[in-house]
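Peer 1: Fold the following and give me the result.
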Amino acid sequence: MSDLSLPKSAYPRAYEEFDSSFINDSIEGDISLPHERFNPNQNETEDESTDSLVELIGNLNTLEDGSRKGSLSSGSKPMFIEPVSPKPRGYEFQLKTTKTKVYLTYPINSIEIDTYGKIEYEMSTREKSMVVIIPNSKGLSLNNQKLADAYSIRTGCVVALVDIYFNDPLSLEQELGKPVTDATWLGTFRRLSNGFTHNTTRHIWLQTHQIFGKHIEGTRFQGNTNFNIIKESIEELITTHGVENCILIGFSYGCNTVARINLELNVNHIHSEISEKIKGFVLVHPIKIPANIFDVLETSNKPTLGVFGQETDYISREELQHFQRHIEKNKQNKFIQLKTKKETPHGFSISGDYPPNKIGDLPKRTCELIVDWIIQKLNKYP
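Peer 2: All right, here's what the predicted structure looks like:
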């Protein structure tokens, strides 16, 4: 008889017992949901699906304390089952002027379990304050909506997740399909073809959704339509909701938008009704961001928090050192580098996009750091 216990924490720090062999890494979605969610065309009934799951993990009996106990087949290892997190509880709407889609979510006093850790402090609602999240390249995905919910609960602010990709998401941080390992000439051809298709798709998407135009000189970058529409969308969002204090957070490719708004409003000082309402900026492990952007942001009069991991295929050690050096030159700013493993995905800060054995508690730790910083900044304002 073996005991199988679920961890008490919503996002435990160790996953030695987690078995991800049944997970398809190419799936983009929330791995905390039942596996059949990703197979909508299967003919298996609900009862058959339940029987299969029970057969897979043994006959489990739920105890009052939340742990599970049951008999597993001899020689099998216990398997950690990630608690199912709640569904997104906000709503989507379209801005009247720019027609940009936004997911809006409000803070609440009681929550179901989620995958961003326990809340061990008294929650309070902050009126006229908003956190605007510029998401990674997956746009208004299910996991990004849950991310917005988590930050709303913990900051006490209304959180807006803005679709800056205009309903055209792409997973920049994941490979398209599994690598071809066939050593024959046909395998070589398939491998080259897949790589060409993957790179072409990515290149076209980046050209379509670029935020920074060509660097002209000094702090000036060539303007482009994407940035103008996004800036107008954020202005409309903040103005129509009567927001007085706002924090902008960019995740991965979304950091480009946040950095450029900071640059134009606080370095180049272009006129905007929201200049004084934005109190700070957060950049979370940028991807495809101009190397010299942090040089010109040194003189920004608004604080920036940079949360980074270790180097990946998308950001080198030299770039990280460069970013740290220039971020820290401005005493208002803060640079934090989390310890991550070599194989840790670039998008480690968002729960559900990768199996827990790949990202561990990094979403929880990232969330805690950002929320603490946001609360400190907003506490300065009534």
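Peer 1: could you show me where the helices are in the stretch 101-250 of the chain, in order?
Peer 2: All helices of the stretch 101-250 of the chain, identified by DSSP state H, counting those that start in this stretch, fall at 142-155, 185-208, 225-240.
Peer 1: which of the ones you listed is buried the deepest?
Peer 2: When the helices of the stretch 101-250 of the chain are scored by mean count of other Cβ atoms under 10 Å, the highest mean neighbour count falls to helix 142-155 (a mean of 25). Glycine gets a C-beta too; all of them are placed from N, C-alpha and C.
Peer 1: quick check: mean pLDDT across it?
Peer 2: The pLDDT scores in helix 142-155 average 94.
Peer 1: if we can go back for a sec, I'd like the helices of the stretch 101-250 of the chain written out as a markdown table, with distance to Tyr106 added.
Peer 2: Formatted as a markdown table, those follow (distance: least, Cβ to Cβ, whole Å):
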| stretch | distance to Tyr106 |
| --- | --- |
| helix 142-155 | 6 |
| helix 185-208 | 32 |
| helix 225-240 | 14 |
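Peer 1: looking at these, which has the lowest confidence?
Peer 2: Across the helices of the stretch 101-250 of the chain, helix 185-208 gives the lowest mean pLDDT, at a mean of 64.
Peer 1: To Pro355, which of the helices of the stretch 101-250 of the chain lies closest?
Peer 2: helix 142-155 (12.7 Å; Cβ to Cβ).
Peer 1: ok, now how distant is Ile230 from Arg154?
Peer 2: 25 Å (Cβ to Cβ, to the nearest Å).
Peer 1: quick revisit: for the helices of the stretch 101-250 of the chain, which one sits closest to Lys101?
Peer 2: helix 225-240 (9.4 Å).
Peer 1: just to revisit the earlier point, mind checking the helices of the stretch 101-250 of the chain for the one nearest to Phe251?
Peer 2: Once those are compared by Cβ to Cβ, helix 142-155 is nearest, at 7.8 Å.
Peer 1: Check which helices and strands the closest one sits against.
Peer 2: Secondary-structure packing of helix 142-155 (3 or more Cβ pairs under 8 Å, 6 or more residues apart in numbering; DSSP states H and E): strand 101-105, strand 129-134, strand 158-162, strand 245-251, helix 362-378.
Peer 1: where does the chain have low pLDDT?
Peer 2: Along the chain, the parts satisfying pLDDT under 70 run over 1-85, 109-113, 121-122, 171-198, 215-216.
Peer 1: What segments of it are strands?
Peer 2: According to DSSP state E, the chain carries its strands in the segments 2-4, 59-62, 68-71, 91-94, 101-105, 129-134, 158-162, 215-217, 220-221, 245-251, 278-284, 304-308, 334-337.
Peer 1: Rebuild those as CSV, extending it with distance to Ser349.
Peer 2: CSV is the format used below for the strands of the chain (distance: least, Cβ to Cβ, whole Å):
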stretch, distance to Ser349
strand 2-4, 29
strand 59-62, 31
strand 68-71, 29
strand 91-94, 22
strand 101-105, 17
strand 129-134, 11
strand 158-162, 14
strand 215-217, 28
strand 220-221, 26
strand 245-251, 6
strand 278-284, 5
strand 304-308, 7
strand 334-337, 12
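Peer 1: and of these, who's closest to Asp168?
Peer 2: strand 101-105 (11.1 Å).
Peer 1: Parallel or antiparallel, which strands does that closest one pair with?
Peer 2: strand 91-94 (antiparallel), strand 158-162 (antiparallel) (DSSP bridges).
Peer 1: Just the C-alphas of it, formatted as PDB.
Peer 2: The C-alpha atoms that make up strand 101-105 are tabulated as PDB, following Å, rounded to 0.1, in the frame of the first residue of the first chain:
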ATOM      1  CA  LYS A 101     -10.000  43.400 -27.500                       C
ATOM      2  CA  VAL A 102      -9.500  43.500 -23.700                       C
ATOM      3  CA  TYR A 103      -9.900  40.900 -20.900                       C
ATOM      4  CA  LEU A 104     -10.900  42.700 -17.800                       C
ATOM      5  CA  THR A 105     -11.000  41.200 -14.300                       C
END
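Peer 1: now the angle from that strand to helix 225-240?
Peer 2: Inter-element angle recorded for strand 101-105 and helix 225-240: 40 degrees (by axes from the mean of the first three to the mean of the last three Cα atoms, to 10 degrees).
Peer 1: Helices along the stretch 251-382 of the chain, start to end?
Peer 2: Going by DSSP H, counting those that start in this stretch, the stretch 251-382 of the chain shows helices at 255-266, 293-296, 317-327, 356-359, 362-378.
Peer 1: Export the strands of the chain as TSV, with columns for distance to Leu142 and mean neighbour count.
Peer 2: Converted to TSV, the strands of the chain look like this (distance: least, Cβ to Cβ, whole Å; neighbours: other Cβ atoms under 10 Å):
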stretch	distance to Leu142	mean neighbour count
strand 2-4	27	14
strand 59-62	26	12
strand 68-71	26	15
strand 91-94	12	11
strand 101-105	10	21
strand 129-134	14	26
strand 158-162	11	26
strand 215-217	36	10
strand 220-221	33	18
strand 245-251	15	26
strand 278-284	19	24
strand 304-308	23	22
strand 334-337	27	16
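Peer 1: I appreciate the help and will end here.
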